[in-house]
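1. prediction below, plus the sequence it came from.
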Amino acid sequence: MLHLKVQFLDDSQKIFVVDQKSCGKALFNLTCSHLNLAEKEYFGLEFQSQAGNQVWLEALKPITKQVKNPKEVLFKFMVKFFPVDPGHLREELTRYLFTLQIKKDLALGRLPCSDKSAALLVSHLLQCKGRRVPRGRCPFPGGFGCAARARPCKGTHINLAVTHMGVLVLRGNTKINTFNWSKIRKLSFKRKHFLIKLHANISALCKDTLEFTMASRDACKAFWKTCVEYHAFFRLSEEPKSKPKALLCSKGSSFRYSGRTQRQLLEHGRKAKMKSLPFERKHYRSRYDERQCRSSPDLLTDVSKQV
């Protein structure tokens with residue numbers, strides 16, 4: 001049996017016991033059951049890989065094949081998918097967890113946004129402290145799922161981010177380009193090269209294929225996987241079906257998103273009236289000053305863009 005430690009958004013920790021051959025989904029379901037969380041598809045478990053990258057625990061892959069020493073690893077329960085509208089979150093517990101995540105990201109500098117936006121978010125969070133989170137009052141900051149830092153050929157750093165709408169390109173905290181899912185024909189990676197292939201004739205000023213060279217193959221693959229999951233969660237009507245295994249040899253990754261899509265979550269919420277289960281709202285002493293929360297793109301992963 002595996003004894004695995006999970007840290008929650010309120011910084012509390014708990015050890016869960018799973019079978020040696022269990023997939024990531026088993027541990028994730030235990031954490032959600034512990035929280036009495038119904039809208040679990042918005043969340044995931046993150047851990048630090050052996051290469052030092054922050055990656056998501058895959059639901060359909062055995063834990064021991066993803067983590068070399070799982071007993072020594074701290075799995076962090078975090079928000080994985082940010083919807084464009086907070087009103088899509090039906091349960092108070094879900095909205096409370098989102099509030100904790102945004103508060104933590106602002107404090108640690110993991111949320112690329114302007115000082116004005118950061119101040120607005122902090123003011124909403126302070127208003128929410130100690131009482132019910134206002135539904136639909138505080139817009140989510142762009143819904144960043146994963147961000148990666150890039151250097152064009154002249155050496156200026158830019159950032160890549162995946163959101164509900166597609167892949168964004170930012171310089172500092174300023175968005176300079178958006179590649180909507182409808183414009184993207186294919187996302188792929190080869191070694192540490194991340195490729196965005198656009199539909200033909202999208203723009204005369206833009207190449208059909210954009211190539212980004214990241215710091216490592218692991219960082220590139222992690223960003224690609226996040227893009228695949230974001231596209232499936234926000235764009236597909238239902239969970240993608242698994243591909244049949246090849247008899248002799250296979251080419252390419254078999255990775256896919258596992259779980260309900262946002263459309264399925266919203267339809268389920270409309271058909272079934274969810275009961276808000278009671279939960280304990282913990283107030284813990286922060287290790288940071290909320291008045292000094294600022295965004296900082298310097299903590300993003302290094303990548304280079306080749307034109």
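-> It's in. Numbering: from 1, shown residues only.

2. contacts, neighbours, all on C-alpha from now
-> OK.

3. what is the mean pLDDT for stretch 262-281?
-> Stretch 262-281 carries an average pLDDT of 72.

4. kindly report the same for stretch 226-239.
-> 89.

5. what does stretch 186-206 give?
-> 80.

6. for that stretch, which positions count as buried?
-> If you call a residue buried by 16 or more other C-alpha atoms under 10 Å, then stretch 186-206 has these buried ones: 187-189, 192-198.

7. which of the residues you listed fall in strands?
-> The strands, defined by DSSP state E, take in 187-189, 193-198 from those.

8. re earlier: now the two most distant members of the buried residues of stretch 186-206.
-> 192 and 198 (19.4 Å; C-alpha to C-alpha).

9. follow-up on the earlier one: any chance of the buried residues of stretch 186-206 in a markdown table with distance to residue 98 as columns?
-> Compiled in a markdown table, the buried residues of stretch 186-206 are given as follows (distance: C-alpha to C-alpha, whole Å):
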| residue | distance to residue 98 |
| --- | --- |
| 187 | 28 |
| 188 | 30 |
| 189 | 31 |
| 192 | 32 |
| 193 | 32 |
| 194 | 30 |
| 195 | 31 |
| 196 | 30 |
| 197 | 33 |
| 198 | 33 |
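
10. sorry, back to before: now the ones in strands among the buried residues of stretch 186-206 as CSV including distance to residue 179?
-> Compiled in CSV, these are given as follows (distance: C-alpha to C-alpha, whole Å):
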residue, distance to residue 179
187, 11
188, 15
189, 17
193, 18
194, 14
195, 12
196, 9
197, 10
198, 8
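
11. now do the strands in the chain.
-> 2-7, 13-18, 43-48, 54-56, 74-79, 146-150, 158-162, 166-171, 174-180, 184-190, 193-198, 209-214, 301-306.

12. possible to save those strands as TSV with distance to residue 240?
-> Listed next are the strands of the chain as TSV, based on distance: least, C-alpha to C-alpha, whole Å:
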stretch	distance to residue 240
strand 2-7	28
strand 13-18	26
strand 43-48	18
strand 54-56	18
strand 74-79	21
strand 146-150	21
strand 158-162	19
strand 166-171	18
strand 174-180	20
strand 184-190	16
strand 193-198	21
strand 209-214	25
strand 301-306	29
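
13. do you know which of the ones you listed lies nearest residue 271?
-> strand 43-48 (22.1 Å).

14. can you give the strand pairings for the closest one, parallel or anti for each?
-> As defined by DSSP bridges, the strand partners of strand 43-48 come to strand 54-56 (antiparallel), strand 74-79 (antiparallel).

15. and those, which is most packed in?
-> Of all the strands paired with strand 43-48, strand 74-79 carries the top mean neighbour count, a mean of 21, counting by mean count of other C-alpha atoms under 10 Å.

16. averaged pLDDT, that strand. What do you get?
-> 96.

17. and the angle for that strand with strand 2-7?
-> Here strand 74-79 runs at an angle of 50 degrees relative to strand 2-7 (axes from the mean of the first three to the mean of the last three C-alpha atoms, to 10 degrees).

18. tell me how far strand 74-79 lies from the chain's centre.
-> Centroid displacement of strand 74-79 relative to its chain, using C-alpha atoms, centre = their mean, to the nearest Å, is 11 Å.

19. pull the CA atoms of that strand into CSV?
-> C-alpha atoms of strand 74-79 as CSV (Å, rounded to 0.1, in the frame of the first residue of the first chain):
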residue,chain,number,x,y,z
LEU,A,74,3.9,16.2,-1.5
PHE,A,75,0.8,16.3,-3.7
LYS,A,76,-0.9,19.7,-3.8
PHE,A,77,-4.7,20.0,-4.3
MET,A,78,-5.2,23.0,-6.6
VAL,A,79,-7.6,24.6,-9.0
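
20. angle of that strand against strand 13-18?
-> Using the same axes, to 10 degrees: strand 74-79 against strand 13-18 is 100 degrees.

21. residues in contact with strand 74-79?
-> 4-9, 31, 42-48, 97-98, 101 (C-alpha atoms under 8 Å, 6 or more residues apart in numbering).

22. how about 10 Å then?
-> With contact meaning C-alpha atoms under 10 Å, 6 or more residues apart in numbering, strand 74-79 is reached by 4-11, 13, 15, 27-28, 31-32, 40-48, 56-57, 94, 97-102, 145.
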